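Asks: Let's see this in three dimensions:
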Amino acid sequence: MHIKTAVWILALVMMTGCGAEIGSNEWCEKVAAKPKASWSEGDAADYARHCVDESS
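Replies: Sure, this is the predicted structure:
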C-alpha cells in the first residue's frame, strides 16, 4: 500500500512542474489564447516584458 501512495505522490509532483517557462514561445501563445479579462497583473506584466515585440 505504501508503494502505491509513493507512486501517486511522485506522479502529482511531476505533473505540477509541467508548465511552460514564462517568456517561452509556448507560454506566450497560451497566455495570448486566454481571454484578457482573466489575466492576472503578473500575467499582463510578464506578457508585455517577454512576448511583445518592441520594434512594432
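Asks: tell me which element residue 7 is part of?
Replies: helix 2-16 (DSSP states H and E).
Asks: Past the lowest-mean-pLDDT helix or strand in the chain, which element shows up next along the chain?
Replies: Scoring the helices and strands of the chain by mean pLDDT, DSSP states H and E places helix 2-16 at the bottom, with a mean of 69. As assigned by DSSP H and E, the chain's next helix or strand after helix 2-16 is helix 25-33.
Asks: Pull out the buried positions in that next one.
Replies: 27, 28, 31 (16 or more other Cβ atoms under 10 Å). Bear in mind the C-beta positions are built from the backbone N, C-alpha and C, glycine included.
Asks: now those in a markdown table, with distance to residue 4 and pLDDT?
Replies: A markdown table is the format used below for the buried residues of helix 25-33 (distance: Cβ to Cβ, whole Å; pLDDT from 0 to 100):
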| residue | distance to residue 4 | pLDDT |
| --- | --- | --- |
| 27 | 34 | 93 |
| 28 | 39 | 94 |
| 31 | 37 | 94 |
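Asks: now, among those residues, which is nearest to residue 51?
Replies: Closest approach to residue 51 among those (Cβ to Cβ): residue 28, at 3.8 Å.
Asks: Need the nearest residue in space to the closest one, chain neighbours excluded.
Replies: Leaving aside its chain neighbours, residue 28 sits nearest to residue 51 (3.8 Å; criterion: Cβ to Cβ, 6 or more residues apart in numbering).
Asks: now residue 21
Replies: Excluding the flanking residues, the one nearest residue 21 by Cβ to Cβ, 6+ apart is residue 27, at 6.2 Å.
Asks: The one you found: what's it in contact with?
Replies: 19, 20, 21, 50, 51 (Cβ atoms under 8 Å, 6 or more residues apart in numbering).
Asks: check contacts around the first one.
Replies: For residue 19, the contact set (Cβ under 8 Å, 6+ apart) comprises residue 27.
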